[in-house]
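S.K.: model the structure of this input:
(one chain, ligands or ions: 1)
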Amino acid sequence: MHKPRVMFQGTASSVGKSVLVAGLCRVLHEDGYKVTPYKSQNMSLNSYITEEGKEMGRAQVMQAEAAGIKPHALMNPILIKPTGDMKAQYIIEGEVFKDMTAMEYQQFKPELKKRLKTLYEKLEDDFDVVVLEGAGSPAEINLREGDIVNMGMAELIDSPVILIGDIDKGGVFASLVGTLMLLSEEERKRVKGVVINKFRGDLEILKPGLKMLEDIIHIPVLGVIPYFKLALEDEDSVSTVFEQHPSTLEEKLIIKIIRLPHLSNFTDFNRLFALEGVAVSYASKPHELEDADLIILPGSKNTIDDLNFLKEEGFVPILHRHKAAGKTLFGICGGYQMLGRKLYNPSLMETTIREVEGLNLLSIDTQFETEKTMTQVKGYIVSDKGHLKGCLNQPIEGYEIHMGQTIWYDESLVPFVALNETLGSADHRIEGYHDPDALVYGTYIHGIFDKLSFTLPFLNALACAKGLGADSIKLAGSTHTDYAAFKESQYSQLANLLRDHLDLETIYSILFK
Ligand SMILES: NC(=O)CC[C@H](N)C(=O)O
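M.R.: Got it, this is the predicted structure:
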């Protein structure tokens, strides 16, 4: 049975497709439908590991949350993770398929297309409705032929389309009309409505333009969505998270995250940005680390190349000076690997460099393997040294995504995270170490800062060492105490916004007619 479906496409990247898909999923969920989000292909370094140990893009995770369901890799069967040099790692159905160049992928697409249809049908079986998302713009005429994410996908499963334009970017009429002009007659017929997103002005002034637009395109405008800001975990590679700057630095704990060229999983730091008493920002240049109390080395899709970036850009001396001054460093996944002594790459994963010296701040060695570790984990803090004093036994949850295996540990290293569960089964191993001085911390666990019972005492101990109050760091506002409840409230607000500004009646008739 062909289930009701609709696809949101955009006139460009970042016009708000992901969020509107999440919003429509929420509306349908509230109205009693079993709805799933879907996007055939994502390009992003911000992925997620499902309960089944499969990897997928984070936008569909956020949308699944809005739809009130668990994320499943079938909701995003293709994930492209760029490693640099026109190459990328391709994740298909949640598993590593292989590394390919853009050209190799282009040639592989026809074969993939057949499989995509089967996978889509497998997903829709379990649901009443599917809300699909396109990627970038459907008017990339050079890519149309092999397309499997915009009109190619819509055609594959015979889905109607709603086209979204971004008025904040400017040129919204031209981009909507232009996009439609570049589509074939067949494709244009699929477009059942257009939506104007991110509107900041006076609707009365816009209205005549909407009428003129409809007269030109003969497709109804299904809504004008006002510009809004909600705390939703968007994952697009084009993102504004890096532009955030701390306001006043005095009396705050200064956290700097190094902006690596292949930085992955920046959602690890969402929690930090929601805290009071800290000033968190990204640093692209070594001098920006001068005033940091805590330096974080984030995950990376290409650890070795990013490590070389740190060396070439002159980060190394300042990282060592930071430690020598008794200040703290924290590495997650790729960042953890970089903190070590040596990195071996016999199978030439991610890059063509075989072996490289690490930053030598933590006595570990890492080797990149052909097998990828993808797992959700649970554990707890097992050290009470240094800044971990108040964290002992506190639970930790997160996930691991890495090709590298840390194969050698110095005996003087102190374990600080012990796991007790991976993917729902008992598993006891150490997955995080700090140096004997408890200044340099490293772990493979993404999402380690999400549990405040660890994050708050850890950061408050750092704040204390700086001479700030012992309780100076807390969650901003009281509404955030329960992160899950906070996110739920954001999804409801989003649904309300769409109910107020979208012609849902027409959208329902597009879906269910
Ligand atoms: N997520 C990460 O930071 C991955 C680290 C590294 N690229 C690996 O695969 O091992």
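
S.K.: any stretches of the stretch 351-500 of the chain with poor pLDDT?
M.R.: Where the stretch 351-500 of the chain drops to pLDDT under 70, the residues are 477-481.

S.K.: one more time with 50, if that's ok
M.R.: Within the stretch 351-500 of the chain, the ranges that satisfy pLDDT under 50 run 479.

S.K.: near the ligand, which residues of it?
M.R.: Within the stretch 351-500 of the chain, the positions near the ligand by C-beta under 6 Å from any ligand atom are 401-404. Bear in mind the C-beta positions are built from the backbone N, C-alpha and C, glycine included.

S.K.: got JSON lines for those residues, with neighbour count and secondary structure too?
M.R.: Formatted as JSON lines, those follow (neighbours: other C-beta atoms under 10 Å; DSSP: H, G, I helix; E, B strand; the rest coil):
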{"residue": "401", "neighbour count": "23", "secondary structure": "strand"}
{"residue": "402", "neighbour count": "23", "secondary structure": "strand"}
{"residue": "403", "neighbour count": "22", "secondary structure": "strand"}
{"residue": "404", "neighbour count": "24", "secondary structure": "strand"}
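
S.K.: residues from the protein in reach of the ligand?
M.R.: Within reach of the ligand by C-beta under 6 Å from any ligand atom, the chain has these residues: 264-265, 299-301, 303, 333-334, 350, 401-404.

S.K.: paired strands for the helix or strand of the chain with the lowest mean pLDDT, with orientation please.
M.R.: Ranked by mean pLDDT, DSSP states H and E, the weakest helix or strand in the chain is strand 474-475, scoring a mean of 86. Within its sheet, strand 474-475 is paired with strand 275-276 (antiparallel), according to DSSP bridges.

S.K.: for the residues of the chain next to the ligand, which two are the farthest from each other?
M.R.: Largest separation among these by C-beta to C-beta: 265 and 350, giving 15.4 Å.

S.K.: what sits up against the least confident helix or strand of the chain?
M.R.: Here strand 474-475 makes contact (C-beta atoms under 8 Å, 6 or more residues apart in numbering) with 274-277, 452, 456, 481.

S.K.: please flag which of these sit within strands.
M.R.: Members of the contacts of strand 474-475 lying in strands (criterion: DSSP state E): 275-276.

S.K.: among the contacts of strand 474-475, give me the pair with the biggest separation.
M.R.: Across those (C-beta to C-beta), the longest gap, 15.5 Å, separates 277 and 481.

S.K.: between these two, which has more neighbouring residues?
M.R.: Neighbours around residue 277 and residue 481, counted as other C-beta atoms under 10 Å, are more numerous at residue 277. The numbers are 19 against 11.

S.K.: quick check: phi and psi on that one?
M.R.: phi 90, psi 0 (degrees, to the nearest 10).

S.K.: tell me the pLDDT of it.
M.R.: Here, the pLDDT recorded for residue 277 equals 92.

S.K.: pretty sure it sits against residue 252.
M.R.: Yes. With contact defined as C-beta atoms under 8 Å, residue 277 counts as touching residue 252 (5.9 Å).

S.K.: helices of the stretch 151-300 of the chain, residue ranges please.
M.R.: Shown for the stretch 151-300 of the chain, the helices assigned by DSSP state H, counting those that start in this stretch span residues 151-156, 172-181, 185-190, 203-217, 270-273.

S.K.: deepest-packed of those, please.
M.R.: Of all the helices of the stretch 151-300 of the chain, helix 151-156 has the most neighbours on average by mean count of other C-beta atoms under 10 Å, namely a mean of 21.

S.K.: same for that one, what does it pack against?
M.R.: With contacts defined as 3 or more C-beta pairs under 8 Å, 6 or more residues apart in numbering; DSSP states H and E, the packing partners of helix 151-156 are strand 5-10, helix 102-124, helix 185-190.

S.K.: same thing but 6 Å
M.R.: With contacts taken as 3 or more C-beta pairs under 6 Å, 6 or more residues apart in numbering; DSSP states H and E, helix 151-156 sits against no other helix or strand.

S.K.: adjust the sequence numbering to begin at 421 for everything that follows.
M.R.: Sounds good: first residue 421 from here, last item helix 571-576.

S.K.: next one: that helix to chain centre, how far?
M.R.: On the basis of C-alpha atoms, centre = their mean, to the nearest Å, helix 571-576 is displaced by 25 Å from the centre of the chain it belongs to.

S.K.: mind listing residues that contact it?
M.R.: Residues from elsewhere that reach helix 571-576 (C-beta atoms under 6 Å, 6 or more residues apart in numbering): 427, 460, 537, 558, 581, 607, 610.

S.K.: nearest to residue 810 among those?
M.R.: For the contacts of helix 571-576, the nearest to residue 810 is residue 460 (45.9 Å; C-beta to C-beta).

S.K.: which residues sit in contact with that closest one?
M.R.: Here residue 460 is in contact with 498, 536, 568-569, 573 (criterion: C-beta under 6 Å, 6+ apart).

S.K.: ignoring the adjacent residues along the chain, who's closest to the residue in the stretch 571-720 of the chain that the ligand sits nearest to?
M.R.: The ligand sits closest to residue 719 of the stretch 571-720 of the chain, with a gap of 2.7 Å, by C-beta to the nearest ligand atom. Closest residue to residue 719 apart from its sequence neighbours, by C-beta to C-beta, 6 or more residues apart in numbering: residue 753 at 3.8 Å.

S.K.: can you count the residues close to that neighbour?
M.R.: Neighbours of residue 753 (other C-beta under 10 Å): 27.

S.K.: could you do residue 886 as well?
M.R.: By other C-beta under 10 Å, 14 other residues sit near residue 886.
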